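**Q** Have a look; sequence and predicted model below, questions after that.
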Amino acid sequence: MAKEITNDDIDLLDELGVEAEATPTGGRTAREQRIIAGFEEIERFVQEQGRLPEHGENRDIFERLYAVRLDGIRASAECRLVLKDLDSKGLLGDEPELGKGANVAENDEALLAALGVEAEAADDLTKLVHIRPREEINAAEEVAQRNPCRDFAKFQPMFEKVQCELASGERKTTPYKDNAEVNKGDLFILDGQKLVVAEMGDTFVTDYGRPDRRLRVVYSNGTESDLLLRSLQRALNKDKVSRRITAPDLGPLFSEAVEEADLPTGYIYVLRSKSDHPFVVQNRSVIHKIGVTGGEVKSRVANAKKDPTYLLADVEIVATFKLANINRKRLEALLHKFFGRVRLDLELKDRFGSQVEPKEWFLIPLPVIEEAIEKLKDGTIESFRYDPESARLVGT
């Protein structure tokens, strides 16, 4: 009987860029199947994005994993032999220079050792002999990181106030979205406890090329921890009932339930382009259109591919926010002015050959747009500005 693969096993294998396989099938060894499965994921990325995965801190973590994996495959004679008849897109490229394979193996060994994983032999680094259970590792980290909060007296009144605001409806909780942005002062519910991100250290790059930050997190039970930003995000993702605590709702600007006396005035919408323009393709994840409409958003964008306003391409609706009793034009102008420094500078030709310059597209990550709208809700947006270099809101 094949060994049952747990979710924790799969998570760890995913971090290594390895697919979990129990037994060889179809004449392929388990190792060959893992190589093929990993390569097929890269092929799917190329098919969907129209380009190779790239390295870089501004890239999605999965794209960066695919980029590292592709480098390793190209440098491995074994992988090239397994995949030579399956490489329909020519992703393997030219043969690597002599000696590259050795460097890759050394990096693989270092990665496995850092993760507490032993390789059976130097020539088979993807065959895992011993994997320390992820729950055991997490529990050890948690014990090591949780300490009594010596200045909890400063935080206790805040937690009590937040609880009262939740009870009165001034604050709400929303599900935590995978890998959503975390900022100083953010409040969450994790494992049934409220927590606040009290401090954030400087950004640094880990041994795996990922940006991270050391946090000071204070919990409502009087403890604190200095875990990493990515560790907090993983914990929030793993807890299926984790919640983000919103800022106080001070009015009907974005109220979820419109009162009888309110006049509905439409929606703020955020769009992502499906254009095949090279610059848009390369930066698709951070190019967004911010607009306001008095009608239904889907109706507004129905003919996007014929309209220069929408980059002459279909669009994806990535976020909407209901409005009530608000001057739509003034609100739209405020948001556009706030992000004016990162307005997309792109020229297109319409179907008649005329040059057009869309004005409502910006180079901003979606979480930053959501945060700016939260600042609009609580009336503090004038105390912040958008910093393009760090891609986040900073105090003025």
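**A** Sure, I can see it.
**Q** right, and Thr293 touches Val301 too?
**A** No. Counting by CB atoms under 8 Å, Thr293 does not reach Val301; the two are 9.1 Å apart. Glycine gets a C-beta too; all of them are placed from N, C-alpha and C.
**Q** what's the overlap in contacts for those two?
**A** Overlap of the contact sets of Thr293 and Val301 (by CB atoms under 8 Å, 6 or more residues apart in numbering) consists of Tyr269.
**Q** Looking at the two, which is more packed in?
**A** Just comparing Thr293 and Val301: by other CB atoms under 10 Å the higher neighbour count belongs to Val301, 21 against 18.
**Q** So what's the gap between stretch 320-337 and the chain middle?
**A** The chain centre lies 26 Å from the centre of stretch 320-337; the measure is CA atoms, centre = their mean, to the nearest Å.
**Q** pLDDT (mean, whole number) over that stretch?
**A** For stretch 320-337, mean pLDDT is 79.
**Q** do you know how far the residue nearest to Ser275 when sequence neighbours are not counted is from Glu371?
**A** Distance criterion CB to CB, 6 or more residues apart in numbering; nearest residue to Ser275, sequence neighbours excluded, is Ala313 at 3.7 Å. Using CB to CB, to the nearest Å, we find Ala313 at a distance of 27 Å from Glu371.
**Q** Among those two, which residue is more densely surrounded?
**A** A direct count of neighbours by other CB under 10 Å for Ala313 and Glu371 places Glu371 higher, at 20 against 16.
**Q** which ones are touching that one?
**A** 181, 183, 392-393 are the contacts of Glu371 under CB under 8 Å, 6+ apart.
**Q** ok, back up a step: list the contacts of the residue nearest to Ser275.
**A** Contacts of Ala313 (CB under 8 Å, 6+ apart): 273-277, 280, 304-305.
**Q** Repeat the analysis, applying 10 Å as the threshold.
**A** 273-277, 280, 304-307, 348 (CB atoms under 10 Å, 6 or more residues apart in numbering).
**Q** ok but it is inside a helix, no?
**A** No. Under DSSP: H, G, I helix; E, B strand; the rest coil, Ala313 sits outside any helix and is assigned coil.
**Q** Determine the longest helix present in this protein.
**A** Counting residues, the longest helix found in the chain (DSSP state H) is helix 30-49.
**Q** ok now it, how far from the chain's centre?
**A** Worked out by CA atoms, centre = their mean, helix 30-49 lies 21 Å from the chain centre.
**Q** What mean pLDDT does the helix or strand just after it get?
**A** The helix or strand immediately downstream of helix 30-49 is helix 61-75, counting by DSSP states H and E. Computed over helix 61-75, the mean pLDDT rounds to 82.
**Q** how about helix 61-75: buried residues?
**A** Buried residues in helix 61-75, counted by 16 or more other CB atoms under 10 Å: 63-75.
**Q** for these, which one is nearest Arg328?
**A** Among these, Glu63 lies closest to Arg328 (CB to CB), at 36.1 Å.
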